[in-house]
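Enquirer: Using only what follows, build the 3D model:
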Amino acid sequence: MLSAPDAEVGAEVGAVAPEPDLVQLLTPEGQRVERADYPLDVTDEQIGRLYRDLVLVRRIDTEAIALQRQGELGLWASLLGQEAAQIGAGRALRTQDMAFPTYREHGVAWCRDVDPLTLMGLFRGTNLGGWDPGVNNFNLYTIVIGAQTLHATGYAMGVVRDGAVGTGDPDRDTAVLAFFGDGASSQGDVNEAFVWSGAANLPVVFFCQNNQWAISEPVERQSRVPLYRRASGFGFPGVRVDGNDVLACLAVTRKALDDARNAQGPTLIEAFTYRMNPHTTNDDPRRYRLDTEGETWKLKDPLERVRAYLAREAGVGQAFFDDLEAEARALAEQVRAGCRALPDPDPASAFDNVYVSMPDELREQRDEFVRFVAEVSS
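Expert: You can find the predicted model right below:
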């Protein structure tokens, strides 16, 4: 954490004005904007479905925070403020594409049909392995900062070797989407992934959610240029998108994934957004940033701009929003009850699936642990 004087300085430099070349298709006031370089053919009904995603994912996030405060989860990494970046990118994926998340991509998990209770089981400690990445083409959450970009790069190498890129078959050609934050952009693993992907022209899209703060470190202390410009040094394009604009995130990610599938190589997308909540439920952002910064970003809320468009421009009636609120309440009740009902795992299961054949040394450790747990519990 920053010291008090450093926290004041960090708060001063933390608020960044977007650049003129920011890709935006829906203004904070809910007005559609056309971009010839990123056309988006989307109906009002489809925008309504995107809004449903945004609302339900935010409700899941809200309930998870409450459950953590009640002692039902050990930790939770909130996505508040970043819903549009995740839903836009997640809905740009095709079935065969593979996504590599960090530990905050609850919105992308939603788009890949991962049960929210499975996510909560991970933070509750009741499922020790998460989920099967092969079922939803959504890799496990990665706690090691930036490591997933190397995993994504390796997977993209496999896609090329399998001949699943540049064939012209939309059901076969595959792209890889790797998520990371502005803090991870300073990690060696991320830059190494850039090197390999650029040199080998791999079908991978790097999606950086620049939420302005790497825990307590503002992005200006990590880079002297906008993050998306780093891509040029590795030989592939970069683009900055309004990360609070779900339509822009969808259009930009869709184009980048199409380019990757068509053997045009990688793209770096910087989604310019803001982390409205603490880094995790164990963080206290009051130590390093000013409340006024968050108030400014509230005016760019990703949900409110879509709601404004639907209500004013698309003429969607109040009944739609009422029905969606009722659905969100029902989902919240399901999440609360389901989380508390998650079964506790057998403590000895932590030793399972570590090796194909368990070594004698590990078996001895397991047996000793089992005896210890039995003694403590008696």
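
Enquirer: can you map out the strands along the stretch 101-250 of the chain?
Expert: 176-181, 204-210, 213-214, 217-218, 238-242 (DSSP state E, counting those that start in this stretch).

Enquirer: Run through the residues that contact Ala332.
Expert: Going by C-beta atoms under 8 Å, 6 or more residues apart in numbering, Ala332 touches 59-60, 62-63. Where C-beta positions appear, they are placed from N, C-alpha and C, glycine not excepted.

Enquirer: Neighbours of Gln365, how many?
Expert: 13 (other C-beta atoms under 10 Å).

Enquirer: got it, and Asp352?
Expert: Neighbours of Asp352 (other C-beta under 10 Å): 13.

Enquirer: ok now the helix or strand that Val55 is a member of, how far from the chain's centre?
Expert: Per DSSP states H and E, Val55 falls inside helix 44-69. Relative to its chain's centre, helix 44-69 lies at 14 Å (C-alpha atoms, centre = their mean, to the nearest Å).

Enquirer: Stretch 285-296 too?
Expert: On the basis of C-alpha atoms, centre = their mean, stretch 285-296 sits 22 Å off its chain's mean C-alpha point.

Enquirer: for it, which positions count as buried?
Expert: 285, 288-290, 293-294 (16 or more other C-beta atoms under 10 Å).

Enquirer: would JSON lines of those with distance to Gly166 be doable?
Expert: Formatted as JSON lines, those follow (distance: C-beta to C-beta, whole Å):
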{"residue": "Pro285", "distance to Gly166": "45"}
{"residue": "Tyr288", "distance to Gly166": "46"}
{"residue": "Arg289", "distance to Gly166": "45"}
{"residue": "Leu290", "distance to Gly166": "49"}
{"residue": "Glu293", "distance to Gly166": "44"}
{"residue": "Gly294", "distance to Gly166": "44"}
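
Enquirer: And the residues you listed, which two are furthest apart?
Expert: With C-beta to C-beta as the measure, no two of these lie farther apart than Tyr288 and Gly294, at 12.3 Å.

Enquirer: tell me the contacts of Leu40?
Expert: Neighbours of Leu40 in contact, by C-beta under 8 Å, 6+ apart: 25, 247, 250-251, 254.

Enquirer: Nearest to Gly30 among the contacts of Ala332?
Expert: Arg59 (21.0 Å).

Enquirer: Show me what the mean pLDDT comes to for the helix holding Val55.
Expert: Helix 44-69 shows an average pLDDT of 98 in the prediction.

Enquirer: ok so, going back, make JSON lines from the strands of the stretch 101-250 of the chain and add mean neighbour count to it.
Expert: Below are the strands of the stretch 101-250 of the chain laid out as JSON lines (neighbours: other C-beta atoms under 10 Å):
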{"stretch": "strand 176-181", "mean neighbour count": "28"}
{"stretch": "strand 204-210", "mean neighbour count": "30"}
{"stretch": "strand 213-214", "mean neighbour count": "22"}
{"stretch": "strand 217-218", "mean neighbour count": "20"}
{"stretch": "strand 238-242", "mean neighbour count": "24"}
